[in-house]
Every structure is written in structure tokens, then in C-alpha cells.
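Participant: give the three-dimensional model of this entry:
(one chain, ligands or ions: 1)
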Amino acid sequence: MNKEEMLKKYNDWKFRCSAYEMALSIIGIDKLTVAPPDGSAYRDERTAYLAGELFSIRTDPEIAEILKVLKNDETIDPDIRKEAELNFKSVSDILCIPKEEYVAFRHLSDQAYDAWYEAKTKSDYSIFEPYLKKIIEARKKMYGYRDSALPLYDRMLDDYEPGMTAEKYDEFFGKLKERLVPLIRKVTAAEQVDESFAFRSYPTGLQKAWTEKQLLPYLGFTKNWGYQNETEHPFTSWTCQNDCRTTTKYLENNVMSSIFSTIHETGHAWYEHNISPKYDGSILSSGVSSGMHESQSRFCENYLGRSLPFWEANYESLQKQFPEQLGDVTVEQFVNACNASEPSFVRTEADELTYPLHILIRYEIEKGLFSGEISVEGLDQTWNEMYKKFLGVDVPNAAKGILQDVHWSSGDFGYFPTYALGSAFGAQFYRQMRKEMDVDEALRSGNYLACISWLKEHIHQYGCRYNADEIMRMATGEPFDPEYYIEYLEEKYTKLYHLD
Ligand code: ZN
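Facilitator: Numbering: from 1, shown residues only. Below is the predicted model of the structure:
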């Protein structure tokens, strides 16, 4: 086969894969948002079948051979060479798995999601436990097929953040623990920030109306390329750069929850939307790693969204929407409440300072589950013990404890640590952005998009063209250094709680 024929076959294959991926993505979004639950069994079987068809297309041996040639061909377009290299790795990682097992896993994960949802609604871990056990066993088996010298859990970590291992995460979390645990103790002992007004009654219909009229337009999230829905667990998904779907969740007694989940999820959506359109339909058209994705969403949520200038542009309108609840609250008091730190049990509602400890708990549990030191039986109790140990709180029930996160139901082990890593990446980007532009002025004057443009230019546009380390170096001029994150938190919380 000559090169032209090879490229033609490769492009046909890419198109077919992207068509199935699009269908599966839409079916997945539909399941999590609006699909009636009683139709699950019927839909899940057919979804698993489609996933199997995609598996067969992806693992076509002729394509694997073509990819092997293309990834080493110095004469072709470097973008295609990079695509071929990433595709070859992703194909090789699944080529070793028997198709029936792959399809069965897909089916199992859909059923496990339904079990998790029911368990969470009833706050009963025993409903989810047998599924979690099956998911872990299936994951161990599937990762076991891979031709890799890495230990099992490292293979999972590497899937979400290429190059990261448990050893590297241990070092990262070790540094965080050493400096943040004493800081959290000081903050807990200091005079507390008043945030009681955030938990008054805020009718959810009014929250939604404000989000649509003020917040989403400010964030530049428009209906031409994005859509927001509501779900139990907010998420973002997409089919291409001009079709990004996010969700949020409105809580009557917590006005902050939906606001920050909206800013967070649209941060993910902006990343996907800003990737160069020339990569659409290829493996390069996606955020480069989970850590980098979380760095963008958490950047928008925390570094931008919890700042005073952000609220100088938005607070008046929120106050008008809720005159009884916020009439006696100044913008400074509101922003202080947005940043108040208090050890709690729910990760997605945690403040920036205690957040990494929520992640540390999940990371320690995952390591234990795959090394055999922690068992699925009684995992709800193990969870509660770790919350007591690291955050000093008593988890009231399983819904607010082990069942709060959806990730394990789909077998996403190794993902959680990227949340903490992403937050730390964000601090380094934030420092650089502030050197290059007047971030406060942009936010205050309603020009949020100036910040998004900086992220697009330095991070988003590249998709997977460069790896996370290369992007960090290109954007900030140095390799990743968690020190910036720790310094940011120390400075912010020392000031907010008058610790010096
Ligand atoms: Zn996220």
C-alpha cells in the first residue's frame, strides 16, 4: 500500500470512529440528563452493542499497522504523525482486551450507574456495593491484559494524566499535606467568616432565571455552541468544538452551589470549544489530560469566579434577583463567604483550601482498593473513618459520604487525583496570566472573555498536540511546580482569616 492509500484508509477510519463516538456521547448525555429511567435496560443493551461496534472498528489490525508506519514517518505532516502516535497507543491499550469483555464492561458500567443513582437517592451503600465490586474486578482484569511494566494502579493514573504514577502523586500530596494541614487547623481555630446568608431560601426557579439572564452571558457561554441542563452530578460532555453540553444543579438552601458548578463546567466547555477547528474529528481535538482539563474548569471557578472583581461585575444583579436574601450583604461580605473555609463532607461544595484533602482521601482509597489493602465490603465505614482522620468531620450518611461521587460507577479509577493536580496547574497559569494582563480590570469591566482568550492562546487551542508538560512550559516558561499552588492558598487564607 502506498502512502496515499494509507492516508485515505486512515482518514476513513477516523471519520467512522468519530461518528460512533458522537453517537455514544449523545446517548451518554441523554442517559444522564433527560432519558426516562424505566427505558434504561433496553437502551443500555443497545448502547453496549454500539460500543462493541466501535471497538471492532478501532481495533482493525490493518489500521494498527498503518498507524505504526505513520507515527514513524518523518515526511508527513507533524500533526498527523502526532495523531498516529496517540491513536496507536490508544488502540494498543484495548487491542489486547477480548471484545466480549469490553462490551460486557460497558453494559456493566451503565447498570452500575443506575445502581449508584438508586443507592444515592436512598442513601444506602448496600445497593451499590455489589456493582462496585464487579466494576473493580473487571477493571483489574482489563488493565491486566495490557502489555505494560507499570503496576496496575499506575496504568490507570497514566490514562488520565500521562506520565503520572503513584510515586509522583505521593510526593505531590505529601507536600500539600505538610503545608496545608497546619494551615487548615489555624483557619478552623480563627474567627469564622459569616456565610450564613448563603444558606437562606433561594427559590430554584429564580436561581435558574438569574443564571440564564446574567451568569451564562457574562461567561460567554452561548446557545450557538453550548447547552446547559440539570443533573444530580454536574458534568460537561461534547461531540465537537461547536457542541458542548454542561449541566448544573440548583439547591434551594445553597445559592453558591449552582453558581460555582456553572462556572466550573463552562470552564471545561470553553477548553473544548477553543481547540483549533483543524483538529475536529481527530484524537487531537480534546483536552490533553484530565489534570489539564480540571486546571481550566477550576481556574474559572476559583481563580476567576471567587475573586472580588468577578463579583463587582455580577453581584448587583444577583442582589436584585434576591433582595430579601442579599439586601443586607455587601459585595465584600459575599466574596468572603464565597471563599470561607470549613472542613465538610461534600467534595463538590468544598472550599479551595480543604478541597485537596477530599481528593487525597479518594486517592488513598483507590490505592488501597487496587493493592488489596482496602476492601469494598464496609468501604462506607472506611470512607467515614478517613473523613474523620483528615478533615475531622462526622459523615452523616452514605449519600453525603461514599455515594456522593459518580466516578467509580463507570470504573473511572485514577481520575480523582487529577482534580488536585489541575488546581495546582491553575495556580501557575494564574500567576503567569497576571504578569501578562490586568485580570482584575478585565473581570470588573465584564470582559471575562479576555481571560478566556489568554487561556485559548496558551492552552486550549493546542488540544492534544502537545503534552501537559510541554503546554505548561510554553505557557509559563517553566516546568510544573506545586509551590505556586501552596503559596497561593497560604497567602489567600492568611489574609482572609487574619492569621498574621
Ligand atoms: Zn471538572
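Participant: low pLDDT regions in this structure?
Facilitator: The chain contains no residues with pLDDT under 70.
Participant: would you map the strands across it?
Facilitator: Taking DSSP state E, the strands of the chain run over residues 226-230, 236-240, 243-248.
Participant: hey, which of the ones you listed is tucked in deepest?
Facilitator: Most buried of those by mean neighbour count (mean count of other C-beta atoms under 10 Å) is strand 243-248; its value is a mean of 22. For the C-beta atoms, the positions are set from N, CA and C on the backbone; glycine is no exception.
Participant: who touches it?
Facilitator: 29, 32-33, 211, 221, 225-231, 234-238, 258, 261-262, 265-266, 268-269, 272-273 (C-beta atoms under 8 Å, 6 or more residues apart in numbering).
Participant: before we move on, the earlier item: possible to save the strands of the chain as JSON lines with distance to Val393?
Facilitator: Compiled in JSON lines, the strands of the chain are given as follows (distance: least, C-beta to C-beta, whole Å):
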{"stretch": "strand 226-230", "distance to Val393": "28"}
{"stretch": "strand 236-240", "distance to Val393": "29"}
{"stretch": "strand 243-248", "distance to Val393": "25"}
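Participant: so which of those comes closest to Lys99?
Facilitator: Shortest distance between Lys99 and these, using C-beta to C-beta, is found for strand 236-240: 24.5 Å.
Participant: got the angle for that closest one vs strand 226-230?
Facilitator: 150 degrees (axes from the mean of the first three to the mean of the last three C-alpha atoms, to 10 degrees).
Participant: contacts only, for Arg306.
Facilitator: Per C-beta under 8 Å, 6+ apart, neighbours of Arg306: Phe260, Val335, Cys338, Asn339, Glu352.
Participant: from Phe260, how far out is it?
Facilitator: To Phe260, Arg306 is 8 Å away according to C-beta to C-beta, to the nearest Å.
Participant: cool, and Ala64?
Facilitator: Taken as C-beta to C-beta, the span from Ala64 to Phe260 is 44 Å.
Participant: try Met472
Facilitator: 25 Å.
Participant: more neighbours: these two, which one.
Facilitator: Met472 (23 against 19; other C-beta atoms under 10 Å).
Participant: test my guess that that one contacts Gln428.
Facilitator: Yes. Counting by C-beta atoms under 8 Å, Gln428 is a contact partner of Met472 at 6.8 Å.
Participant: anything in contact with each of Arg306 and Phe260?
Facilitator: Taking C-beta under 8 Å, 6+ apart as the contact rule, Arg306 and Phe260 both touch Cys338.
Participant: can you list the domain ranges for the chain.
Facilitator: Per automatic domain parsing, the structural domains of the chain span 3-131, 166-496.
Participant: next one: the shortest one to chain centre, how far?
Facilitator: Put plainly, it is domain 3-131. 19 Å (C-alpha atoms, centre = their mean, to the nearest Å).
Participant: tell me how far Gly426 lies from Lys435.
Facilitator: Taking C-beta to C-beta, one finds Gly426 at 15 Å from Lys435.
Participant: just want to know which of these two has more residues nearby.
Facilitator: Neighbour count, other C-beta under 10 Å: between Gly426 and Lys435, Gly426 has more, with 28 against 10.
Participant: not counting sequence-adjacent ones, nearest residue to the most centrally placed residue in the chain?
Facilitator: Here the mean C-alpha position of the chain is nearest to the C-alpha of Glu294 (C-alpha atoms, centre = their mean), at a distance of 4.8 Å. Using C-beta to C-beta, 6 or more residues apart in numbering and skipping residues adjacent in sequence, the residue nearest Glu294 is Gly422, 2.8 Å away.
Participant: could you report the neighbour count for that neighbour?
Facilitator: Other residues close to Gly422 by other C-beta under 10 Å number 23.
Participant: distance of it from Ala475?
Facilitator: 14 Å.
Participant: what sits against the residue nearest to Glu294?
Facilitator: Ser290, Gly291, Met292, His293, Glu294, Ser295, Gln296, Ser297, Arg298.
Participant: looking at those, which is nearest Ala138?
Facilitator: Distances from Ala138 to the contacts of Gly422, taken by C-beta to C-beta, are shortest for Ser290, at 20.7 Å.
Participant: now do the contacts for the closest one.
Facilitator: Tyr160, Glu161, Tyr415, Thr418, Gly422.
Participant: let's see that with 6 Å instead.
Facilitator: Remark: with contacts taken as C-beta atoms under 6 Å, 6 or more residues apart in numbering, Ser290 is in contact with Tyr160, Glu161, Tyr415, Thr418.
Participant: now do Lys249
Facilitator: Lys249 makes contact with Pro234, according to C-beta under 6 Å, 6+ apart.
Participant: what does the one 4 residues further on give?
Facilitator: If you count contacts by C-beta under 6 Å, 6+ apart, Asn253 has them with Phe199.
Participant: now it. Its backbone dihedrals?
Facilitator: Torsion angles at Asn253 (phi, psi; degrees, to the nearest 10) stand at phi -100, psi 30.
Participant: i'd like the first residue to be 50 from this point on
Facilitator: In the new numbering, first residue 50, that becomes Asn302.
Participant: separation between it and Gln256?
Facilitator: Taking C-beta to C-beta, one finds Asn302 at 11 Å from Gln256.
Participant: neighbours of the residue nearest to Ser89 when sequence neighbours are not counted, how many?
Facilitator: Of all residues not flanking Ser89 in the chain, Asp163 sits nearest, at 5.5 Å (C-beta to C-beta, 6+ apart). Neighbour count for Asp163, taken as other C-beta under 10 Å: 17.
Participant: cool, and the one 10 residues further on?
Facilitator: Asp173 has 16 neighbours, counted by other C-beta under 10 Å.
Participant: so who does the nearest residue to it once chain neighbours are set aside touch?
Facilitator: Spatial nearest neighbour of Asp173, chain neighbours left out: Ala447 (6.5 Å); criterion: C-beta to C-beta, 6+ apart. By C-beta under 6 Å, 6+ apart, Ala447 lies in contact with Ser172, Tyr174, Asp429.
Participant: hmm, Ile451 and the last one touching each other?
Facilitator: The reference is to Asp429. Yes. Contact criterion C-beta atoms under 6 Å: Asp429 and Ile451 qualify, at 4.6 Å.
Participant: what does stretch 182-202 contact?
Facilitator: Residues contacting stretch 182-202 (C-beta under 6 Å, 6+ apart): Asp142, Cys145, Ile146, Phe154, Leu157, Ala161, Arg204, Ala215, Lys416, Phe419, Val425, Gly460.
Participant: what residues sit buried inside that stretch?
Facilitator: Lys183, Ile184, Ile185, Ala187, Arg188, Lys189, Met191, Tyr192, Arg195, Leu201, Tyr202 (16 or more other C-beta atoms under 10 Å).
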